[in-house]
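Engineer: Model the following, please.
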Amino acid sequence: MIKSRWFYHPLFIFIFSLIALGSSLIIYIRSYLQVNAALEEVVLKYHLNTSSMLDTETWVIVLILSLLVAVILAGLLIIYIYYQKMIQLYHLQQNFINGFTHELKTPIASLQLFLETFARHELPRDEQLKYLEYMKRDTLRLSDNVNRILNLGRLEDRNFKADFVEQDLVVLIEQFLSSTPHLFEEGKVTFHSEVRSLILPIDTALFEMLMMNLITNALIYNKSALKTVEIELSVINKQAILDFRDNGMGIDRSQVKKIFKKFFQVGKTTKGSGLGLYIVQSIAKLHKGDIQAISMGPGTGSVFRLTLKLPEQK
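Structural biologist: Modelled structure (predicted):
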């Protein structure tokens, strides 16, 4: 493959276009002023009638030309910014494809290996149960990845409407954690609430998806011997504050605001799909809430804070 020469690069072409346009404007204005000055000298020398020759002021024309050039420059700049965003999105999509392919191929290869083992060997019952448990985890991993893609399509559908029901947020979180301990066996997940009850309009399926993604991320991006996720619920200034605090890898401050973008992956890793936190943010917005990440940097753990407005008292 032949590498493109530097003078074919869009950035060089864009800068060269700006310089050429600006130079043309300067040359045109200078030549116009010179011609106008020469014309004035002729008029004054021969005492000609200026009513038909100098009816338009020079600087008005110059101003109009300058505005037109400014509009052209602004248009070029917008096109360039749009182009850069398209390039960035392309790279993010490539990272997503690489990461998602890895996430699909790994459990599939593992399942294939276990099935071949069952086909070729007679295994004791305890060995069979051990391999079946591994296969179960791989199928759950595959299901999780497929569900993320399906859920993303649902959330981005303009016709999608959430099913909000008035329910107790404290009870919802407690029931979710008690019914899904097998999904978080890699670490310890605890829940503490400063209030006994908190009634909010919530879409149960979506909110459970939000909690699932936050807890799963906290455990995946964690190299501690004992992985922990502490969920804390409090009420401050007529707002419900739900913190997901972990002792994981932490987040670089320069990436704190980027991690909620679609396909974004910290450190360009192939771990994960880059969709989990984007889905979390989408669900938070549907609940008219806000999600933010708080971290002092790598190695310090992270806090994902969900803020929900409390309904007005009738």
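Engineer: tell me which element residue 201 falls in.
Structural biologist: Taking DSSP states H and E as the definition, one finds residue 201 inside strand 199-202.
Engineer: buried stuff in that strand?
Structural biologist: In terms of neighbour count (16 or more other CB atoms under 10 Å), strand 199-202 has its buried residues at 200, 202. In this view, the C-beta of every residue, glycine as well, is placed from N, C-alpha and C.
Engineer: What residues sit buried inside the next helix or strand after it?
Structural biologist: Note on strand 199-202: by DSSP H and E, the next helix or strand toward the C-terminus is helix 204-220. By 16+ other CB under 10 Å, the buried positions in helix 204-220 come out as 206-219.
Engineer: And stretch 22-35, by the same measure?
Structural biologist: Here stretch 22-35 shows 25, 29 as buried, counting by 16+ other CB under 10 Å.
Engineer: sorry, back to before: wait, which of the buried residues of helix 204-220 is closest to residue 225?
Structural biologist: Residue 225 has its nearest neighbour among the buried residues of helix 204-220 in residue 219, at 13.1 Å by CB to CB.
Engineer: any idea how far that closest one lies from residue 248?
Structural biologist: 8 Å (CB to CB, to the nearest Å).
Engineer: ok so, going back, just the C-alpha atoms of the strand holding residue 201, please, in PDB.
Structural biologist: Extracted in PDB, the C-alpha atoms of strand 199-202 (Å, rounded to 0.1, in the frame of the first residue of the first chain):
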ATOM      1  CA  ILE A 199     -40.800   6.900  46.000                       C
ATOM      2  CA  LEU A 200     -39.800   7.900  42.400                       C
ATOM      3  CA  PRO A 201     -41.200   7.300  38.900                       C
ATOM      4  CA  ILE A 202     -38.900   4.500  37.600                       C
END
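Engineer: which residues in the chain form strands?
Structural biologist: Ranges of strands within the chain are 165-168, 187-193, 199-202, 227-236, 239-246, 290-294, 302-309, based on DSSP state E.
Engineer: from the chain's centre, how far out does the first one sit?
Structural biologist: Between the centre of strand 165-168 and the centre of its host chain there is 29 Å, according to CA atoms, centre = their mean, to the nearest Å.
Engineer: contacting residues around the strand holding residue 201?
Structural biologist: Outside strand 199-202, the residues that touch it by CB atoms under 8 Å, 6 or more residues apart in numbering are 164, 165, 166, 167, 168, 169, 172, 240, 287, 308, 310, 311.
Engineer: go again using 10 Å as the cut-off
Structural biologist: Strand 199-202 is contacted from outside by 162-172, 207-208, 240, 287-289, 308-311, using CB atoms under 10 Å, 6 or more residues apart in numbering.
Engineer: From these, keep the buried residues only.
Structural biologist: When neighbours are counted using 16+ other CB under 10 Å, those contain these buried positions: 162, 167, 168, 169, 170, 172, 207, 208, 240, 287, 289, 308.
Engineer: and the two most separated of those residues?
Structural biologist: Pairwise distances across the buried ones among the contacts of strand 199-202 (CB to CB) peak at 20.4 Å, for the pair 162 and 170.
Engineer: Next one, pLDDT for the residue nearest the centre of the chain please.
Structural biologist: Closest residue to the average C-alpha location of the chain: residue 261 at 0.2 Å, with CA atoms, centre = their mean. Residue 261 is assigned 81 on the pLDDT scale.
Engineer: What does it show for phi and psi?
Structural biologist: The phi/psi pair for residue 261 (degrees, to the nearest 10) reads phi -80, psi 150.
Engineer: ditto for residue 185
Structural biologist: Backbone torsions of residue 185, given as degrees, to the nearest 10, read phi -70, psi -20.
Engineer: re the thing from before, which one of the buried ones among the contacts of strand 199-202 is nearest to residue 18?
Structural biologist: Nearest to residue 18 among the buried ones among the contacts of strand 199-202, counting by CB to CB, is residue 289 at 43.2 Å.
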